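Novice: Predicted model, plus sequence, below.
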Amino acid sequence: MSLSRQDVAKVASLARLALSADDLDRMTGELQKIVGLVSQLAEVDTSSVAPLAHPLDAENVFRADEPQPSLTTAEALQSAPRHDGECFLVPAVLGESGAA
Amino acid sequence: MTTPTATAAPYTTIIGLEVHVQLQTRTKLFCGCSTRFGGPPNTQVCPTCLGLPGSLPVMNRHAFDLAVRAALALDCTIAPFTKWDRKNYFYPDLPKGYQISQYDLPFSSNGQLEVVDPKGAFARNVGIIRVHLEEDAGKSMHDEAAGTADTRIDLNRAGTPLCEIVTQPDLRSPQEARAWLNELKLLLVYLGVSDCNMQEGSLRVDANVNLHIPLAGEGGAEGRVAKTPIVEIKNMNSFRSVERALAYEAARQWEEWQATKAELGTTPKQTRGWDDPAGVTRAQRHKEESSDYRYFPDPDLVPVTVTAAEVAAARAAMGDPPTVLRKALEAKWKISAYDADVLVNQGRDLVAWFEELATLVGEGKVASNWMQQDVLRTLNERGGTIGEFPVTPAAVADIIGRVQKGDFDTSRGREIFAAVLASGRPVADVVAGMGIAAVSDDDLVALCRELLAANPKVVADVRGGKEQAAAGLIGQAKKKNPNVNPAKVRQICLDLIKGM
């Protein structure tokens, strides 16, 4: 599998990384090597192996629907770069919600 | 822009819905913070729902059970094995930088929910592609009037459990879409899955819509069907908005098709936002491809397995859905499908009220009439729920019983109902207070004889075959004694004239 400079640019933009042209060239080369390394796994015959959803041999871990104490607003906001005492403040986000 | 009517439209409107409902849990999906609506900002948050380093999610058992109940009510197959995945995107109201959702192994799929118009305009069985369980994001607030350049983030809602319900594109008109959503809401409220309150965001709808346009072939033969690009509509905050937005969008796509002839697959899927005051949809961003979300299994959560016995137990505990209840009421109380629909659509508490009344009266039809004409009408005027209604089924049954005994007629019964409602006093007191006393049959006969003697012309008319002439006597009878039953007066007078 080969990775193009364009692929790397797209992944960088999805990850909100601003890469310079030089970075992009270097990253494309480095990532290509990593992908090549991982691609070796494709050589293993896995036709008789069930897909693994989780490395732990555990399932059905639940908790009861019982309220636990929340943080105070001051505690919740204390490490925020900016806040107004009630809400986290971020640079203006206009238009559509990001909620999926 | 004109909206062609359904029958005249030269195209078929194809609609699929994506509905998010907030599950009625006390706490969030992965932590013990309260899900209560309307609390002060950032008072229902903890390290887990804030996405702080080192915190770990643990699944809420009740949320999973409610989600399974919703899926079963929608006739879905419950997967024996399910897992959760991270859907990665950056947005300030999503503190972890990913939403915990379900990608390739949702806990349920392949269901259906039918909507039948009680007036017979349509009946549509809508396929459900999947129902999955995921967490909600927080809330972004931007106050442009305040003149600040900041967006404020409240994370109280972050991590609230949501069921996402995705339908097949089986709906064929905006009206059907609205009716189907009403049915879905009724179902989920009945089963205690969600309160479906749209004002509080407990139910949110996105709609996918495009047009299928039959093209005439050579020589007028059947041609192929052109499909317009699919548009996803967002920001609809009532079922009425959904209906309006879909109608607008279908008409807009028809105009665009005539101008551009652009077909499905030639452009990326478009998202448009509904602007309710303006009554238009507006283009938003182009929708991400699913690969852009870089889904992968969430290593912080272990899979969940469900046995057939657990599914059977959940099904047994579910209670009757509205479709079953409508049929049951029709059969048990001999009421029409329309009447059963009206009663069931008011919710489970009102149905219980009706059944108590019908049991006391011993008959469904008359109880249903009183429910719809008196109880429901008054309830709509007053507002509030049937649980808060000041008149009891026993009191209404008492009034109906007196009408059936012939103490007074239905319109007098209505006045008594209104007086009981207004005064809060027992029916017997109100009846006595209004000076209503049953008139004995002997007194009635005497009164009628008196009337006939005073009205020889009426007697002659009735004998001449004009029975309706007797109606003139009823007004006179009521003047002499307001408590007489008009139907009885009429019958006695006719009998007396026949016996003359």
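Specialist: Received it, and whenever you're ready, just let me know what you need.
Novice: right, is stretch B:149-161 up against chain A?
Specialist: Yes - Stretch B:149-161 lies within reach of chain A by Cβ under 8 Å from any Cβ of the partner chain, at B:149-155. Heads up, the C-betas are built off the backbone N, CA and C, glycines and all.
Novice: out of those, which are inside helices?
Specialist: With helices taken from DSSP state H, there is no overlap with those.
Novice: What ranges does the stretch 301-450 of chain B have for its strands?
Specialist: B:304-305 (DSSP state E, counting those that start in this stretch).
Novice: Near chain A, which residues of it are found?
Specialist: Contact residues, the stretch 301-450 of chain B versus chain A (Cβ under 8 Å from any Cβ): B:301-305.
Novice: Can you flag the buried ones in those residues?
Specialist: For those, a burial check counting by 16 or more other Cβ atoms under 10 Å in any protein chain shown picks out B:301-304.
Novice: just the residues you listed now: which is nearest A:Ala53?
Specialist: Using Cβ to Cβ, B:Pro303 comes nearest to A:Ala53 of these, at 4.9 Å.
Novice: Got the phi and psi for residue 85?
Specialist: Let's take chain A. Per-residue torsions, A:Gly85: phi 90, psi -20 (degrees, to the nearest 10).
Novice: Hmm, no, I was thinking of chain B.
Specialist: According to degrees, to the nearest 10, B:Asp85 has phi -130, psi 160.
Novice: ok, which pair from the residues of stretch B:149-161 next to chain A is furthest apart?
Specialist: Farthest-apart pair in those is B:Ala149 and B:Leu155; separation 20.6 Å (Cβ to Cβ).
Novice: more neighbours, those two?
Specialist: Set B:Ala149 next to B:Leu155 and count neighbours by other Cβ atoms under 10 Å in any protein chain shown: B:Leu155 wins out with 26 against 10.
Novice: show me the contacts for that one.
Specialist: Applying Cβ atoms under 8 Å, 6 or more residues apart in numbering or on different chains to B:Leu155 gives the contacts A:76, A:88, B:42, B:45, B:49-50, B:93, B:95, B:138-139.
Novice: and the closest residue to B:Arg463 other than its chain neighbours, how many neighbours?
Specialist: Spatial nearest neighbour of B:Arg463, excluding adjacent residues (Cβ to Cβ, 6 or more residues apart in numbering or on different chains): B:Ile497 at 6.4 Å. Neighbourhood size, B:Ile497 [other Cβ under 10 Å]: 19.
Novice: Could you check how far B:Ile497 is from B:Leu452?
Specialist: Using Cβ to Cβ, to the nearest Å, B:Ile497 is found at 7 Å from B:Leu452.
Novice: what sits in contact with each of these two?
Specialist: In contact with both B:Ile497 and B:Leu452: B:Val459, using Cβ under 8 Å, 6+ apart.
Novice: Distance check, the residue nearest the centre of chain A against B:Glu243.
Specialist: By Cα atoms, centre = their mean, chain A has its centre lying nearest to A:Ala15, at 7.6 Å. Using Cβ to Cβ, one obtains 40 Å as the distance from A:Ala15 to B:Glu243.
Novice: now B:Phe30
Specialist: Distance from B:Phe30 to B:Glu243, by Cβ to Cβ: 35 Å.
Novice: Specify which residue of these two has the higher count of neighbours.
Specialist: Using other Cβ under 10 Å, the more surrounded residue of B:Phe30 and B:Glu243 is B:Phe30, with 24 against 20.
Novice: State the phi and psi torsions of that one.
Specialist: B:Phe30 has phi and psi values of phi -120, psi 0 when expressed as degrees, to the nearest 10.
Novice: show me what contacts the closest residue to it other than its chain neighbours?
Specialist: Sequence neighbours aside, B:Pro57 is the residue nearest to B:Phe30 in space, at 3.2 Å (criterion: Cβ to Cβ, 6+ apart). With contact taken as Cβ under 8 Å, 6+ apart, B:Pro57 is in contact with B:29-31, B:48, B:100, B:298, B:300-301.
Novice: Run through the stretch 251-400 of chain B and note the low-pLDDT ranges.
Specialist: Within the stretch 251-400 of chain B, the segments meeting pLDDT under 70 span B:285-289.
Novice: swap that for the stretch 101-250 of chain B, sorry
Specialist: In the stretch 101-250 of chain B, residues with pLDDT under 70: B:144-148, B:218-221.
Novice: Return the residues of it in contact with chain A.
Specialist: Residues of the stretch 101-250 of chain B lying near chain A by Cβ under 8 Å from any Cβ: B:101, B:105, B:136-137, B:140-142, B:149-155, B:234-235.
Novice: in stretch B:269-276, what's buried?
Specialist: Neighbour-count burial for stretch B:269-276, counted by 16+ other Cβ under 10 Å, picks out B:269-274.
Novice: ok, the residues you listed vs B:Tyr190, which is closest?
Specialist: For those, the nearest to B:Tyr190 is B:Trp274 (28.0 Å; Cβ to Cβ).
Novice: For B:Val462, which residues are in contact?
Specialist: B:469-470, B:493-494, B:497.
Novice: and the gap between it and chain A?
Specialist: Noted for B:Val462: a distance of 73 Å to chain A, by Cβ to the nearest Cβ, to the nearest Å.
Novice: In a strand, that residue, correct?
Specialist: No - assessed with DSSP: H, G, I helix; E, B strand; the rest coil, B:Val462 is helix; it does not lie in a strand.
Novice: Return the distance of it relative to A:Leu89.
Specialist: For B:Val462, the distance to A:Leu89 equals 87 Å [Cβ to Cβ].
Novice: same question, B:Ala469
Specialist: Distance of B:Ala469 to A:Leu89, computed by Cβ to Cβ: 84 Å.
Novice: Burial check on the residue of the stretch 351-500 of chain B found nearest chain A, number of neighbours?
Specialist: Nearest residue of the stretch 351-500 of chain B to chain A, counting by Cβ to the nearest Cβ: B:Gly387, 24.3 Å away. A count of neighbours around B:Gly387, defined by other Cβ under 10 Å, yields 9.
Novice: Surely it is in contact with B:Asp349?
Specialist: Yes - the pair formed by B:Gly387 and B:Asp349 meets the contact definition of Cβ atoms under 8 Å, at 5.6 Å.
Novice: Quick check: closest non-adjacent residue to residue 93.
Specialist: Because you didn't say which chain, this covers chain A. What sits nearest to A:Val93 in space, not counting adjacent residues and going by Cβ to Cβ, 6+ apart, is B:Thr151, at 4.4 Å.
Novice: that's the other chain; I wanted chain B
Specialist: Computed as Cβ to Cβ, 6+ apart, the closest residue to B:Asp93 that is not its neighbour in sequence is B:Gly138, at 4.0 Å.
Novice: report the longest helix in chain A, please.
Specialist: The helix spanning the most residues in chain A, taking DSSP H as the definition, is helix A:21-39.
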